[in-house]
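S.K.: Structure here, sequence nowhere to be found:
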């Protein structure tokens, strides 16, 4: 984070908004001299007499990987400071054997220190340090600019971006730092890039003295929209339509996937054979486009997907009606938005992109804005789905924002954990092209689901049990997380009490792990009975737990109300969970899916007929009820609602 006048942005050609890339060594990158200077500069920034705001090594590694993938010819950085991020960038340029970094700093004394660090690291030939106001100097840089990084005074992000915008190369990417800690101050900048271009937010556990968590905004600028070759996927994405034939797709109409999953292999093969006749009759590949004539079964992917980012283009005709099924469930709506289409009475006037099969009045049912292009033009979708949380951009306009997609097939249950993607056909020709997908890894999904912690207070400092009570000797802090010691247990809890609140945290289960979240705990006795409840934390897949009462599985209000199962990540991965407690109601959202939503005041049936006298408590502590297993918890934050 920078507090000088300049704005630091990194722009890179062809970099996709593909999430956190894997950080791997490249030839020449592990130069011990460069690494030594980076470590010296980082130490000076963090341990000197005064903090020098820096992006820190976590974000720097991610930034360097983006530079490595982009192979830029020209990088512009505004906000040099003493050269920390510039060293990471220039090291990648040296490893690639080409490219130039122009870095701008308003303070001449600081700029000289940065120059000295670049010389000391042997990177001076790849860097030009300019002194002055970045808002003016960026206008003088001859493009095309391939890669830019924004990292300084928040009010300058927008004018600096506008100053360089006309000189950005086609496909350039802009990365802006501090969009977590300075989200409010960067509102105008974020509004512009998110409405005009493809843009996404990347969250990091930065663990800097001034910011535990922060984010960067990654924006693709002037990205070419034309037809791509099937082998020319955006970085990080895979083409799920090859532009040549129907490989990877089969016919499947509006069909309850639970029936399909219940079939034997023989039954499924028989149905597939019957559907394929209609599929081949109504679907074809033409000029690199997947074309349907308006009839027949839908096009379904052979593979089933969970958390995804999906990109695709479509073009349809008047009075057509179509959509995109996610996890075999309808649907992201596509239709004729004109009055002549005849469906204004059911919402077509609001445009495409909404989750049309959601219940009336629910978030996402109707698109936020009308974003359709006129008939004859290609439309572009970008869809993110994390658990049941669904975000839709149509033609770079946000039309659905983090809404829960309902399970059309059984609204009493959440959306399925996985399922095929289906391209619907319904009454008119529709063409599809540039269909790309990436599966979002769990660590990135957790960051995206959490977003920023505005309004939340951290209740764990990552170092010790300050602010906690109970048998803390039975727990330990391990790698910034609370862990129950093996063969130990008991309920530890916050010294503060809470009435109505939201708690968000990450949970990692070992094989057979068992723990619990203490809700409005009294501070003594068994939290399942003395508190409002214990929300179970459990490895549902363990063989030893197969015959448990349903009210004992993960997320359940122990002994009272059962949670939906099937939404935990594999054992050993971090899960993101958010619990909302208001009055007698409790809602548990696990990895983007609501697995429990109940009113404990209405519970009258108990496991083993054991009453829960504490369930009517109106306030109490939050804590962890350990049961001898090394279950881990981290990033624990609470927001008071009352």
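M.R.: Sure thing, it's come through. This is a predicted model, so every value here is computed, not measured.

S.K.: separation between residue 62 and residue 439?
M.R.: Between residue 62 and residue 439 the distance is 19 Å, computed by CB to CB, to the nearest Å. C-beta: built from backbone N, CA, C; applies to glycine.

S.K.: Looking at these two, which one has more neighbours?
M.R.: Ranked by neighbour count (other CB atoms under 10 Å), residue 62 and residue 439 place residue 62 first, with 21 against 14.

S.K.: you'd agree the more buried one is up against residue 202?
M.R.: Yes: using CB atoms under 8 Å as the test, residue 62 is close enough to residue 202 to be in contact (7.3 Å).

S.K.: what's the weakest-modelled helix or strand in this structure?
M.R.: The helix or strand of the chain with the lowest confidence, counting by mean pLDDT, DSSP states H and E, is strand 9-11 at a mean of 32.

S.K.: Give the full set of residues in contact with residue 491.
M.R.: By CB atoms under 8 Å, 6 or more residues apart in numbering, the contact list for residue 491 reads 470, 471, 518, 521, 527, 623, 624, 625, 626.

S.K.: Please repeat the previous calculation with a cut-off of 10 Å.
M.R.: For residue 491, the contacting residues are 469-471, 474, 515-516, 518, 521-528, 530-531, 534, 621, 623-626, by CB atoms under 10 Å, 6 or more residues apart in numbering.

S.K.: mind checking the end-to-end distance for stretch 375-384?
M.R.: With CA to CA, to the nearest Å as the measure, stretch 375-384 spans 25 Å from end to end.

S.K.: starting at the chain centroid, how far to the strand or helix carrying residue 310?
M.R.: Residue 310 is located in strand 308-316, with elements delineated by DSSP states H and E. The chain centre lies 18 Å from the centre of strand 308-316; the measure is CA atoms, centre = their mean, to the nearest Å.

S.K.: And that strand, what does it pack against?
M.R.: strand 289-292, strand 321-326, strand 329-335, strand 379-386, strand 389-394, strand 430-439, helix 442-450 (3 or more CB pairs under 10 Å, 6 or more residues apart in numbering; DSSP states H and E).

S.K.: Can you tell me the strand partners of the helix or strand harbouring residue 200 and which way each runs?
M.R.: Here residue 200 sits within strand 198-204, counting by DSSP H and E. Note on strand 198-204: by DSSP bridges, its sheet partners are strand 214-221 (antiparallel).

S.K.: and the closest residue to residue 627 other than its chain neighbours, how many neighbours does it have?
M.R.: Nearest residue to residue 627, sequence neighbours excluded (CB to CB, 6 or more residues apart in numbering): residue 514, at 4.4 Å. For residue 514, the tally of surrounding residues (other CB under 10 Å) stands at 23.

S.K.: dump the residue contacts of residue 514.
M.R.: 484, 489, 536-539, 542, 544-545, 552, 554, 625-629, 631 are the contacts of residue 514 under CB under 10 Å, 6+ apart.

S.K.: same thing but at 8 Å, please
M.R.: Residues counted as contacts of residue 514 (CB under 8 Å, 6+ apart) are 537, 538, 539, 627, 628, 629, 631.

S.K.: Please apply the same query to residue 297.
M.R.: 251, 252, 253, 275, 278, 279, 282, 425.

S.K.: Lowest-confidence one in these?
M.R.: Taking the contacts of residue 297 together, the minimum pLDDT is found at residue 425 (89).

S.K.: Tell me what the closest residue to that residue other than its chain neighbours is bridged to.
M.R.: Using CB to CB, 6+ apart and skipping residues adjacent in sequence, the residue nearest residue 425 is residue 292, 4.4 Å away. Beta-bridge pairing for residue 292 (DSSP bridges): residue 283, residue 430.

S.K.: In this structure residue 292 contacts residue 422, no?
M.R.: No: counting by CB under 8 Å, residue 292 stays clear of residue 422, with 11.6 Å between them.

S.K.: Quickly list what's touching both of the two.
M.R.: residue 299.

S.K.: Next, work out how far apart residue 104 and residue 189 are.
M.R.: 17 Å.

S.K.: actually residue 420, sorry about that
M.R.: From residue 420 across to residue 189, the span is 38 Å (CB to CB).

S.K.: of the two, who's got more company?
M.R.: residue 189 (27 against 22).

S.K.: Contact partners for that one?
M.R.: By CB under 8 Å, 6+ apart, the contact set of residue 189 is 157, 158, 161, 176.

S.K.: Let me know the pLDDT of it.
M.R.: What the model reports as pLDDT for residue 189 is 93.

S.K.: Give me the secondary structure label for it.
M.R.: At residue 189 the chain is in helix, as set by DSSP: H, G, I helix; E, B strand; the rest coil.

S.K.: Quick check: buried residues in stretch 331-350?
M.R.: Residues 331-338, 341, 343, 347-348, 350 are the ones in stretch 331-350 that count as buried (16 or more other CB atoms under 10 Å).

S.K.: What are the boundaries of the helices in the stretch 151-300 of the chain?
M.R.: Using DSSP state H, counting those that start in this stretch, the helices found in the stretch 151-300 of the chain span residues 157-165, 187-196, 257-262, 265-282.

S.K.: for the stretch 1-150 of the chain, that is, sorry about that
M.R.: For the stretch 1-150 of the chain, helices defined by DSSP H, counting those that start in this stretch occupy the ranges 32-47, 56-70, 84-96, 108-120, 134-137.

S.K.: Need those helices in a markdown table (columns: mean pLDDT and distance to residue 208).
M.R.: Shown next, in a markdown table, are those (pLDDT from 0 to 100; distance: least, CB to CB, whole Å):
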| stretch | mean pLDDT | distance to residue 208 |
| --- | --- | --- |
| helix 32-47 | 86 | 8 |
| helix 56-70 | 87 | 5 |
| helix 84-96 | 93 | 12 |
| helix 108-120 | 94 | 19 |
| helix 134-137 | 94 | 23 |
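
S.K.: Buried only: go through the contacts of residue 491 for me.
M.R.: By neighbour count, with 16+ other CB under 10 Å, the contacts of residue 491 hold 470, 474, 515-516, 518, 521-523, 526-528, 530-531, 534, 621, 623-626 as buried.

S.K.: From these, which land in strands?
M.R.: For the buried ones among the contacts of residue 491, the ones inside strands are 515, 516, 518, 521, 534, 621, 623, 624, 625, 626, with DSSP state E as the criterion.

S.K.: Of all pairs in those, which one spans the longest distance?
M.R.: 515 and 621 (15.8 Å; CB to CB).

S.K.: quick one on the thing from earlier: and the helices of the stretch 1-150 of the chain: which comes nearest residue 241?
M.R.: When the helices of the stretch 1-150 of the chain are compared for distance to residue 241 using CB to CB, the nearest one is helix 56-70, at 23.8 Å.

S.K.: Enumerate the positions of the closest one that are buried.
M.R.: Under the neighbour-count criterion of 16+ other CB under 10 Å, helix 56-70 has 56-57, 59-60, 62-70 buried.

S.K.: Among these, which one sits closest to residue 593?
M.R.: Closest to residue 593, out of all of the buried residues of helix 56-70 and judged by CB to CB, is residue 62, at 27.3 Å.

S.K.: In contact with residue 54, which residues are there?
M.R.: Each residue near residue 54 by CB under 8 Å, 6+ apart is listed here: 1, 41, 42, 45, 46, 81, 84, 85, 208.

S.K.: Of these, which is the most crowded?
M.R.: residue 81 (29 neighbours).

S.K.: what pLDDT does it get?
M.R.: Residue 81 is given a pLDDT of 91.

S.K.: Now for the residue nearest to residue 293 when sequence neighbours are not counted, how many residues are close by?
M.R.: Distances taken as CB to CB, 6+ apart place residue 282 nearest to residue 293, at 5.3 Å, with adjacent residues excluded. Residues within reach of residue 282, counting by other CB under 10 Å, total 18.
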